[in-house]
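Novice: Just a sequence and a predicted model for now, questions to come.
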Amino acid sequence: MDQIINNNLTLIRTATRGDFANCIKHIKGLKSVLLTINKLALTKSEFNKVVSGCYTLKISEKALYEAQTEKFKVSYSANKFKALLQMVALTGAIKSASFEDLSYDERSKRVKSYEVAKQTGHYVNYPRVWVVGDLSMADFSRIKGHKPLSLNYTSIASIFGMDVANQVFNDASSTSDSDRMMLTHNPAITISKYLSVKKDGLMPVTDVADLLYRVSGRAKSPEYWQKTLRVLIEYDALPNIEAVSLGSAGLSIKGLRKNTKVLRLIDPVSTTDNTDIEPLRVQAVYHYNFEKYLDDVQANIDKNLFKIFLGVIPETLR
């Protein structure tokens with residue numbers, strides 16, 4: 001089964017055509033990250049143990065960064081590496097596993113450790129679990145032409161859907177519900193309507209982010225929504241809107257500097273003609289919770305014991 005990893009390494013070193021070759025040529029640092037991950041997978045991955053039918057690496061982001069070459073670490077900070085790692089996960093070349101993805105044995109081990117920790121206060125920090133996939137099946141068109149940028153769940157779920165966002169942000173080491181936010185409506189429509197009533201269709205990025213922050217019920221922070229906007233813009237998810245600096249576009253807004261980033265509405269007609277009036281809202285995305293898992297396990301045990309008491313052997317115990 002090591003053939004998949006060996007094929008990955010060959011592809012990284014020899015690819016000359018297609019989206020993959022384009023990405024490793026033009027996105028600096030990407031080739032090094034892919035090489036390191038697959039070299040680690042060749043020597044340290046487990047197959048069919050942690051996640052059924054998959055190669056997996058149990059390693060933290062920090063340890064993955066430390067495993068990069070010294071030359072890489074001189075040129076790229078841990079934050080820049082994280083952005084590159086998220087890009088790789090965005091393609092599906094690697095996927096971050098959730099607690100639910102883990103095998104029964106791996107879940108049991110982590111739950112037992114968690115139960116002991118609750119009693120003793122000594123917690124074991126389990127690392128994230130990365131599924132290393134077949135590079136030839138990954139979708140590098142998602143990142144082609146884009147620059148490494150720190151992502152968040154809200155922006156990626158809006159652009160590519162929840163499944164893709166999960167493969168980037170799942171964390172099998174998490175022990176509590178997630179506070180991830182997902183937009184329930186296309187943000188481009190709402191933001192366009194904000195801009196359509198402004199003079200010249202202009203609005204500072206910080207003001208648009210503040211509007212999203214208030215729409216969310218003040219979830220997260222204005223900075224979080226600024227990041228969301230940056231990603232939506234970078235990945236062309238706001239087709240009716242462009243991001244410019246006032247000075248470079250020859251624009252001005254009283255009281256703002258020329259280097260202020262603003263969003264500008266390109267086609268106000270399509271906005272005013274849009275009859276979609278659904279308000280933009282956010283919802284919390286459910287993420288598996290160890291506490292709930294323990295409650296469910298106990299409830300299942302109690303249920304089976306009651307059946308046995310009644311003289312019925314549960315199907316799961318036959």
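Specialist: Looks like it arrived, so ask away. Since this is a predicted model, take the numbers as computed values, not measurements.

Novice: With adjacent residues omitted, what lies nearest to residue 249?
Specialist: Leaving aside its chain neighbours, residue 249 sits nearest to residue 264 (7.1 Å; criterion: Cβ to Cβ, 6 or more residues apart in numbering). In short, each C-beta sits where N, CA and C put it, glycine included.

Novice: same deal with residue 67?
Specialist: Leaving aside its sequence neighbours, residue 67 sits nearest to residue 36 (Cβ to Cβ, 6+ apart; 5.6 Å).

Novice: and the next element down the chain from the strand or helix carrying that neighbour?
Specialist: Secondary structure from DSSP states H and E places residue 36 in helix 30-44. Using DSSP H and E, the helix or strand that follows helix 30-44 in sequence is strand 46-47.

Novice: Any idea how many residues pack against the spatially closest residue to residue 238 that is not a sequence neighbour?
Specialist: What sits nearest to residue 238 in space, not counting adjacent residues and going by Cβ to Cβ, 6+ apart, is residue 188, at 4.8 Å. Other residues lying near residue 188 total 18 when counted by other Cβ atoms under 10 Å.

Novice: With residue 32 instead?
Specialist: 20.

Novice: Kindly report the same for residue 144.
Specialist: 15.

Novice: quick one: it and residue 22 touch, right?
Specialist: Yes: under the criterion of Cβ atoms under 8 Å, residue 144 makes contact with residue 22 at 5.7 Å.

Novice: Against residue 82, how distant is the residue lying closest to residue 75 once chain neighbours are set aside?
Specialist: Leaving aside its chain neighbours, residue 75 sits nearest to residue 29 (7.2 Å; criterion: Cβ to Cβ, 6+ apart). From residue 29 over to residue 82 the distance is 11 Å, taken as Cβ to Cβ, to the nearest Å.

Novice: partners of residue 263 in the sheet?
Specialist: Residue 263 has these beta-bridge partners by DSSP bridges: residue 203, residue 243.

Novice: picking that back up, residue contacts, the residue nearest to residue 75?
Specialist: 72, 75-76, 80-81, 84, 148 (Cβ atoms under 8 Å, 6 or more residues apart in numbering).
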